[in-house]
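**Q** Just the structure for this:
(chains A and B)
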Amino acid sequence: ELKVEQNPLFLSMQEGKNYTIYCNYSTTSDRLYWYRQDPGKSLESLFVLLSNGAVKQEGRLMASLDTKARLSTLHITAAVHDLSATYFCAVDKGTSGSRLTFGEGTQLTVNP
Amino acid sequence: GAVVSQHPSWVICKSGTSVKIECRSLDFQATTMFWYRQFPKQSLMLMATSNEGSKATYEQGVEKDKFLINHASLTLSTLTVTSAHPEDSSFYICSAFTGDLSYEQYFGPGTRLTVT
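**A** Purely as a prediction, here's the structure:
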């Protein structure tokens, strides 16, 4: 059974600081997703990582994937208040159709 | 960009009644649609995979007779919660997958179901 674990689950940080969220998963997969969720809302796609060594950046967020270590990271650079949200990683279960298993989510609060 | 809609966005129903939730891909055809459930302060849990014209595939522990899924076309999937009970109250989110090499899934805005 595929398990996806995020660390930390809660993160409170100051504006301007850097931090990394980690996503570990238990079985082989080459597809990993990062999503953002605001309270009461659905998911917003941030990144789709499709191969070992993939790195993608958008604004203050950068995601990477190491399939050998079964690890993905979401790095936040110079955080701003607008980044406050819950961030989920999700891993493709590996069969056709992209069935996703989600991590527990990291609730990020950026304080002024 | 790819847009997925859900209807209704929220619904309140009485225990024992059935509720239908629609998921539509507005500007693309979805080979596969997925249904997720999210309880407050928790993660998303995949309930079932829906392919157009075929029976849905349910995840372990999800009652297929309680959560009826119909994928009538490449742009529409429906989830019917039958004989709803308060424990079925949750946020139901669908996603649509084009099947192309982007492997992107597009999520709907979600439907909040409250069973009284």
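
**Q** So what pairs up with B:Tyr58 in the strands?
**A** B:Ala48 (DSSP bridges).

**Q** isn't it right next to B:Ala48, touching?
**A** Yes - the pair B:Tyr58 / B:Ala48 is scored as a contact, 4.6 Å apart, by Cβ atoms under 8 Å. (Glycine included, C-beta is placed from N, CA and C.)

**Q** What parts of chain A come near chain B?
**A** Neighbours of chain B within chain A, by Cβ under 8 Å from any Cβ of the partner chain: A:31, A:33, A:35, A:41-45, A:48, A:50, A:88, A:90, A:92, A:97-105.

**Q** ok so, going back, okay, B:Tyr58 and B:Ala48: which has more neighbours?
**A** B:Ala48 (22 against 18; other Cβ atoms under 10 Å in any protein chain shown).

**Q** Distance-wise, check that one relative to A:Leu9.
**A** Taking Cβ to Cβ, to the nearest Å as the measure, B:Ala48 falls 27 Å from A:Leu9.

**Q** likewise A:Gly103?
**A** Note on A:Gly103: its distance to A:Leu9, by Cβ to Cβ, is 9 Å.

**Q** Name the residue in those two with the higher neighbour count.
**A** A count of neighbours by other Cβ under 10 Å puts A:Gly103 above the other of A:Gly103 and A:Leu9, at 26 against 13.

**Q** and that one, how far is that from A:Val91?
**A** Counting by Cβ to Cβ - A:Gly103 and A:Val91 are separated by 8 Å.

**Q** Check B:His85 too.
**A** 31 Å.

**Q** Those two: which has the busier surroundings?
**A** The neighbour comparison of B:His85 against A:Val91 (other Cβ under 10 Å) goes to A:Val91, with 26 against 11.

**Q** Please identify every residue contacting each of B:Tyr58 and B:Ala48.
**A** Listed contacts common to B:Tyr58 and B:Ala48 are B:64, B:67; contacts here mean Cβ atoms under 8 Å, 6 or more residues apart in numbering or on different chains.
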